[in-house]
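> Need a 3D model of the sequence below.
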Amino acid sequence: IKTVDDIAKLSEDTSGIFIIDNDIDFTGYTGNGSVVAETFNGKIDGGGHTFKNLNGLSLFSQFNGTVENLNIKNFNNVKPGNNDDVAAFAKYSNGATLRNMKFENITLEGRHRVAPVVTFDNSNSIFERISVVNAKVKGSGVYLSTFIGRKYGGTIQDVYVQGSIECTTTENGGIVGAMQRGGTITNVISNVKVSKPSNTDATKRQLNAGFVGNIYVDNGYSAPKITNSISIGDMLGYTEDENEFIPYKFTGAIESVINLSLVNCYEYIESTGTSSVTDSTINYLKAVNRTELYNRNFYEKTLAFNNRIWNLDKVAQNGYPTLN
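Numbering: from 1, shown residues only. Just a heads-up that it's a prediction; the model follows:
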């Protein structure tokens with residue numbers, strides 16, 4: 001695939017194997033919903049190239065295949081009102097693998113399920129070595145995220161996300177809005193500001209957070225597991241009345257679920273927001289101070305980040321490493 005016109009091949013052979021040979025600029029491209037409307041089950045090797053400047057569309061509707069080594073830049077998909085499943089890469093995924101990807105400058109707006117990578121992962125997809133930088137997500141409903149809106153099972157590993165979420169309801173989070181039916185998250189950094197400037201849902205309105213809005217423990221499934229991960233962004237809340245909650249720094253899940261699902265996770269003590277660190281959760285979720293955050297050993301030793309995957313030399317400058 002070398003040109004925008006070649007993208008049609010993804011719809012013509014949805015089980016094919018494709019190699020991206022050039023950066024693809026979608027400036028002026030028009031369509032409805034998604035560039036690839038058919039369910040894609042094939043494989044894409046991006047070769048380190050970039051898809052850029054797509055406006056008003058997601059790249060895929062349903063992505064069930066494999067994509068590696070592809071960058072997504074300057075995607076803008078703003079659909080205010082009652083528009084659901086607003087994404088940059090794909091609306092839905094099922095058993096997919098996304099690996100070695102970079103997302104940059106992603107602006108999205110909709111109602112329910114708004115997220116750059118996938119709005120709803122229905123079953124056991126794998127997301128590895130992915131960075132999202134300068135993601136701006138806004139919505140009036142549930143499952144807003146700067147990574148994945150709603151996720152069932154599967155794996156998220158070695159991921160860095162930076163951006164902002166503006167929400168007015170519940171179950172919205174930096175990495176995942178809601179996580180359920182098992183699944184694991186390991187070695188993930190959420191550097192996301194979550195703001196709730198108003199309230200349109202009086203029920204469970206506190207389940208918004210910098211990392212994951214809510215965690216479900218479903219019958220017949222193992223409890224989701226989040227391990228060796230941290231949330232460092234600021235939370236801003238609507239405080240018109242004393243019953244409103246500023247979003248949580250890490251998760252809005254209840255204490256018993258935190259203790260069941262989190263292992264060696266951290267929130268930044270100097271960021272604004274509601275803390276979930278209590279006497280009951282401190283063995284599973286802890287607070288980290290600035291001195292610790294800017295120390296390479298915190299990521300390399302305490303959180304067991306792999307120095308072949310992460311550039312730990314950046315920690316002293318940024319307070320977090322970057323993906324190699």
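
> Let me see the contact set for V217.
By C-beta atoms under 8 Å, 6 or more residues apart in numbering, the residues touching V217 are Q180, A223, P224, V257, L260, S261. Using the backbone N, CA and C atoms, a C-beta is placed for each residue, glycine as well.

> please redo it, this time with the cut-off set to 10 Å
The neighbours of V217, taking C-beta atoms under 10 Å, 6 or more residues apart in numbering as the test, are Q180, R181, G182, A223, P224, A253, I254, S256, V257, L260, S261.

> And for S222?
G153, R181, G182, G183, T184, L260, S261.

> Let's see that with 6 Å instead.
Counting by C-beta atoms under 6 Å, 6 or more residues apart in numbering, S222 makes contact with G182.

> What of V194?
With contacts taken as C-beta under 6 Å, 6+ apart, V194 has the following neighbours: I165, N208, G210, M235, P247.

> Report the buried residues of the helix or strand containing it.
The secondary structure element spanning V194 is strand 184-195 (assigned by DSSP states H and E). Buried residues in strand 184-195, counting neighbours by 16 or more other C-beta atoms under 10 Å, are found at T184, I185, T186, N187, V188, I189, S190, N191, V192, K193, V194, S195.

> neighbouring strands for that strand, and are they parallel or not?
Sheet pairing for strand 184-195, assigned by DSSP bridges, gives strand 155-166 (parallel), strand 225-227 (parallel), strand 230-231 (parallel), strand 235-236 (parallel).

> which residues does L144 bridge with?
V114.

> so of the contacts of V217, which ones are in helices?
S256, V257, L260, S261 (DSSP state H).

> Quick check: PyMOL command selecting the buried ones in those.
Those of those that meet the burial criterion (16+ other C-beta under 10 Å) are gathered into one PyMOL selection, given here:
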select buried, resi 257+260+261
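
> Adding pLDDT and distance to L293, write the ones in helices among the contacts of V217 out as JSON lines.
Putting the ones in helices among the contacts of V217 into JSON lines (pLDDT from 0 to 100; distance: C-beta to C-beta, whole Å) gives the following:
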{"residue": "S256", "pLDDT": "96", "distance to L293": "28"}
{"residue": "V257", "pLDDT": "97", "distance to L293": "25"}
{"residue": "L260", "pLDDT": "97", "distance to L293": "26"}
{"residue": "S261", "pLDDT": "98", "distance to L293": "23"}
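
> Show me which of the ones in helices among the contacts of V217 is closest to T107.
If you rank the ones in helices among the contacts of V217 by distance to T107 using C-beta to C-beta, S261 comes first, at 31.1 Å.

> residue contacts, S271?
Applying C-beta under 6 Å, 6+ apart, one finds that S271 lies in contact with I232, D234, K249.

> Which of these ranks first by neighbour count?
Neighbour tally across the contacts of S271 (other C-beta atoms under 10 Å): the maximum, 30 neighbours, falls on K249.

> ok, now how distant is that one from V114?
Applying C-beta to C-beta, to the nearest Å, the value for K249 to V114 is 21 Å.

> Please apply the same query to Y143.
For Y143, the distance to V114 under the criterion C-beta to C-beta works out to 8 Å.

> now I7
23 Å.

> Please apply the same query to Q157.
Taking C-beta to C-beta as the measure, Q157 falls 23 Å from V114.

> Over to K136?
With the distance defined as C-beta to C-beta, K136 ends up 11 Å from V114.

> More neighbours: the two, which one.
Under the neighbour definition other C-beta under 10 Å, K136 and V114 were set side by side, and V114 has more, 31 against 17.

> is it true that the more buried one touches G139?
Yes. In this structure V114 lies within contact range of G139 using C-beta atoms under 6 Å: 4.3 Å.

> Show the residue spans covered by the helices in this protein.
Under the criterion DSSP H, the chain contains helices at 8-12, 255-261, 290-293, 296-297, 315-318.

> so which of these is the most packed in?
With neighbours defined as mean count of other C-beta atoms under 10 Å, the helices of the chain peak in mean count at helix 255-261, which reaches a mean of 18.

> Just the CA trace of that helix, in CSV.
Written as CSV, here are the backbone C-alpha positions of helix 255-261 (Å, rounded to 0.1, in the frame of the first residue of the first chain):
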residue,chain,number,x,y,z
GLU,A,255,-12.1,-1.1,47.8
SER,A,256,-12.8,-4.8,47.6
VAL,A,257,-12.3,-4.8,43.8
ILE,A,258,-9.1,-2.8,44.1
ASN,A,259,-7.7,-5.3,46.5
LEU,A,260,-8.7,-8.1,44.2
SER,A,261,-7.6,-6.6,40.9
